[in-house]
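> Here you go, sequence then predicted model.
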Amino acid sequence: MIRKATLLAVVSAALLAPVGAATPGTAAAKTTVAQAGRQGLVLTVTSVTPEWAKGAADVIKVSGTLRNDTGSDLAGLLVRLRYQTQPLPDRAALETYQADQTDQTLPGSVSPTSQVTVPPVAAGASAPWEFTLTPAQLASPGTPRFGVYPIAIEVQQAGWRRLATQRTFVTYAPQQPKPVRNKLAVALPLIDQPHRVVDQPRHSDDPTFADDKLSASLAGKGRLADLLQIAKTAPPDVTWFVDAALLDDLTAMSKPYTVAGKDGPARKPADGAAAQWLNDLRTALADSPVVATPYADPDVAALAHQGFDTQVGRAIELGGQRATQLLRPEVSTSINWPASGLLDADALDLLAVGKPGVAPVRKVLLNSTNLPQQGQQTTQTGQTTQQTAFAPGAVTPDATATLYSVAGPVTALVADPALSRLFEPGGGAGSTLLSRQRFIAETAMIAAEPGQTTPRSIVVAPSRRWDPNPTLVSALLKTANELPWLSLTRLDSVKAPKTTAVRTAQTQRAGLTYTDQDRKEELGRKYLTPVKEIAQKAELTSLITTSKPPSAFDAAVLRLTSSAWRNQTRAGRAAAELVRDAVNARMDMITITGADPDRPRTLAGSDGVVPISVKNSLPAEITVDVDVTSNTPKLLKIRPQASRRLVIGGNGQSGTLQVPMQAAAGVSGDSAVTVQLRTSDGQPYGKPVKLIIRTTGYTGIALVIVGAALTVMLAAVVTRVLRRRSQRRLERAARSRESESV
């Protein structure tokens, strides 16, 4: 018990780390805040109205605030607009402008009509500012054309000292000519990390959780609460990737459950918030496409590389089954979103082959580093793989590509990296407003790329275990649904283009790129080998039963293969030990009775039978073969028999097999036999058991002696009977003579 409590404590400690604690977006947000603090004067853009201009004379109002964090009063402040008279040529220029925050790259033109003098601002106080501009003003002295114009808001003091700047974009999209309306598919993940270890311990009906983090995540500003808020407001065409293991955990929490802790397990009452969250999610996603991830989000690439192939098909099957039961009937499993959006040819083959009776994967959602544009380079920095910025003049390729597996072609859906980052907190734009302006600019730039005459597909997919800002995500989805150059579409409707022009853009992608660093990020052999052994034992607990249902430990084993353990292998190993203990305890419920070396079994004579009994404490009927082998076949032989199979009912019933044995002539004493239980397909079940067989040494001579003794006894009995009959005849004759004399 002490050992189990310690293991549960290890799992709890590891799982209590925040899911998104080390995301790049979070780091970027912290950097932005730190820089703002060093500047002393915080410049914030709060509104750009309208978000994009349709006419050259449209008045665009830009407003915001200045907050004085310098510690002293500031006076003589001027807020003014810097702009560029030509739209950005491509997405590479847009990326460069946003990333380079040096003063040398600020737009060169300054608008004398778009500036405002701000009254003195006291220390710690804020002041509003506002000015207007038009597309015609930006393009002066020329005529504005469809495109993205970079602007910067600048704060000066005393007419020369620059105190703060903020970069953003103004998008001009005239109604004529109409831009190409590209298809945008948005995939949002509802994926978590494992929280339960074993569904039901042997001596309890309550599921045991390693932590109570899910409960906290359901309330207030918790991660699951934020995800539900997004689901409630998202357009119905947004596609959701849902891990059924998360739904399973919440379902278990809706009843009494147990949480492990340093001071021992703590019993928790049913969590009403968990049941309410599930009900609200069903309502929110009633009209949205839902894709079930493989159960517990296994590390598919690692399983393919470590020869753990069978788990992937079972994970896809169980994920679909549980999502259908807990969410709604219409759930797809034909699209796979691998860990980090990365896979190689081995993992692709494993997904495409699938499992009999389960629809194979026909589409994969990938990170752009996994299927980069031709000529685009990827670099490894520390433990991350980064992609270089867009090449100047490059055309954004269609999101689809065709990959070839051993089971045929598979469609790859490649997420756009810049757009996907914008959906994450700290995605690089600095605020919800600026992220929205960047999103408008990026998508407009794609629509304006040269040579495009027919729609292309664009896919957005943020990090799979993101901790989203619901205000940001909802604002971006609302904007995407309103832009005239975008058409929101379901992910499953995205197909490879048919026209030659778009196929040319599609073929700008290189092949699958899976780096050495990507391989190192997988769950390794050292971790997965013990898990594989546990899975093999767990499978036996099903094969030993007559009906052979799916293993009761399938979900527990799949949770051990989750990609969430990539950075938490210590907690994963502790969880594996607990699952191993539970599997062993279940296997021990089938036993060979009377296996006591101090109480040997007796074989009367040299040729006889020895009973071997098996007890079944499982609730289900079992079919078991009893394999008996002599350890000293020269002294004791096991005679063949037609069948050594037992069918034993559950709940403590026993079955007995009479095993014929033959001892060597003239031999008496003890010999050993090994009894091994096997499943009906011949796999060994449990550890072999050693039994001692004691032979009495009775031989043929002994039987002759016994027979002779019986003959002598019989002759004596016959002699006595004859004597008694003779005496009786003599007595009758004497009585007859006496009667005649009288």
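Arrived safely, thanks for sending. Residues are numbered from 1 along each chain as shown.

> for the stretch 551-700 of the chain, what spans make up the strands?
590-592, 601-603, 607-616, 622-630, 636-638, 645-648, 653-663, 669-678, 684-695 (DSSP state E, counting those that start in this stretch).

> can you check the stretch 351-500 of the chain too?
363-366, 378-381, 384-387, 400-405, 408-414, 457-460, 486-489.

> averaging pLDDT over each of the strands of the stretch 551-700 of the chain, which comes out lowest?
Sorting those by mean pLDDT places strand 601-603 lowest, at a mean of 85.

> Mind listing the strands that one pairs with, and their directions?
In the sheet containing strand 601-603, the strands it pairs with under DSSP bridges are strand 684-695 (parallel).

> what's the residue closest to the geometric middle of the chain?
Among the residues of the chain, the one closest to the centroid is residue 297, at 1.4 Å (CA atoms, centre = their mean).

> residues in contact with it?
Residues in contact with residue 297 (CB atoms under 8 Å, 6 or more residues apart in numbering) are 191, 243, 245, 339, 464, 562, 563, 564. The way it works is simple: take the backbone N, C-alpha and C, and place the C-beta from them, glycine included.

> For it, give its distance to residue 679.
When distance is defined by CB to CB, to the nearest Å, residue 297 is 31 Å away from residue 679.

> Same check on residue 184?
52 Å.

> Between the two, tell me which one has more neighbours.
The neighbour count for residue 184 versus residue 679, taken as other CB atoms under 10 Å, is higher for residue 184 (26 against 20).

> is it true that the more buried one touches residue 490?
No: using CB atoms under 8 Å, residue 184 is not in contact with residue 490; the gap is 10.7 Å.

> what number of residues lie near the nearest residue to residue 68 once chain neighbours are set aside?
In space, and not counting its chain neighbours, residue 68 is closest to residue 121: 4.4 Å by CB to CB, 6 or more residues apart in numbering. For residue 121, the neighbour count with other CB under 10 Å is 19.

> mind listing what residue 121 touches?
So residue 121 contacts 66, 68, 73, 74, 75, 77, 127 (CB under 8 Å, 6+ apart).

> Give me the buried entries from these.
Neighbour-count burial (16 or more other CB atoms under 10 Å) applied to these gives 66, 68, 74, 77, 127.

> Around the closest residue to residue 187 other than its chain neighbours, how many other residues sit close by?
Of all residues not flanking residue 187 in the chain, residue 461 sits nearest, at 4.4 Å (CB to CB, 6+ apart). Neighbour count of residue 461, defined by other CB under 10 Å: 29.

> Give me the contact list for stretch 223-233.
Contacts to stretch 223-233, defined as CB under 8 Å, 6+ apart, come from residues 19-20, 188, 190, 192, 214, 217-219, 240, 277, 280-281, 284-285, 288, 467-470, 473-474, 477-478.

> Repeat that for stretch 132-142.
53, 55-62, 81, 83-86, 111, 113-114, 143-145, 149, 151, 170, 172.

> now do the same end-to-end measure for that stretch.
Terminal residues of stretch 132-142 lie 19 Å apart, using CA to CA, to the nearest Å.

> Figure out how far that stretch is from the centre of its chain.
51 Å (CA atoms, centre = their mean, to the nearest Å).

> Can you give me the buried ones in that stretch?
By 16+ other CB under 10 Å, the buried positions in stretch 132-142 come out as 133, 134, 135, 136, 137, 138, 139.

> picking up where we left off before, would you list the buried ones among the contacts of residue 121 in a markdown table and tack on distance to residue 359 and secondary structure?
A markdown table is the format used below for those (distance: CB to CB, whole Å; DSSP: H, G, I helix; E, B strand; the rest coil):
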| residue | distance to residue 359 | secondary structure |
| --- | --- | --- |
| 66 | 57 | strand |
| 68 | 61 | strand |
| 74 | 65 | strand |
| 77 | 63 | strand |
| 127 | 60 | strand |
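
> tell me which of those is nearest to residue 496?
Of all these, residue 496 sits closest to residue 66, with 50.5 Å by CB to CB.

> Please list all residues in contact with the closest residue to that closest one other than its chain neighbours.
What sits nearest to residue 66 in space, not counting adjacent residues and going by CB to CB, 6+ apart, is residue 127, at 5.0 Å. Residue 127 makes contact with 65, 66, 68, 77, 118, 119, 121, according to CB under 8 Å, 6+ apart.

> isn't residue 308 right up against residue 534?
No: between residue 308 and residue 534 there is no contact under CB under 8 Å: 11.3 Å.

> returning to that earlier point: so which of the contacts of residue 297 is the most crowded?
The member of these surrounded by the most neighbours (other CB under 10 Å) is residue 245, with 30 neighbours in all.

> measure the residue nearest to that one when sequence neighbours are not counted to residue 572 for me?
Leaving aside its sequence neighbours, residue 245 sits nearest to residue 296 (CB to CB, 6+ apart; 4.1 Å). As defined by CB to CB, residue 296 lies at a distance of 12 Å from residue 572.

> and the two? which has more neighbours close in?
Taking other CB under 10 Å, residue 296 and residue 572 do not tie; residue 296 has more neighbours (32 against 24).

> quick one: what helix or strand has that one in it?
For residue 296, there is no helix or strand it lies in under DSSP states H and E.

> these two touch, right, it and residue 249?
No: with contact defined as CB under 8 Å, residue 296 does not count as touching residue 249 (10.0 Å).

> can I get the buried ones among the contacts of residue 121 in JSON lines with pLDDT and distance to residue 670?
Below are those laid out as JSON lines (pLDDT from 0 to 100; distance: CB to CB, whole Å):
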{"residue": "66", "pLDDT": "95", "distance to residue 670": "97"}
{"residue": "68", "pLDDT": "94", "distance to residue 670": "96"}
{"residue": "74", "pLDDT": "93", "distance to residue 670": "100"}
{"residue": "77", "pLDDT": "95", "distance to residue 670": "102"}
{"residue": "127", "pLDDT": "96", "distance to residue 670": "100"}
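
> wait, which of these is closest to residue 267?
For the buried ones among the contacts of residue 121, the residue nearest residue 267 by CB to CB is residue 68; the value is 53.8 Å.

> residues contacting the closest one?
40, 41, 74, 121, 122, 123, 124, 125, 126, 127.

> And the contacts of the strand or helix carrying residue 311?
The secondary structure element spanning residue 311 is helix 310-326 (assigned by DSSP H and E). Applying CB under 8 Å, 6+ apart, the contact partners of helix 310-326 are 242-245, 247-248, 251, 278, 290, 292-296, 298, 300, 303-304, 331, 333, 336, 350-351, 353-355, 357-358, 361, 535, 550, 554-555, 557-558, 561.
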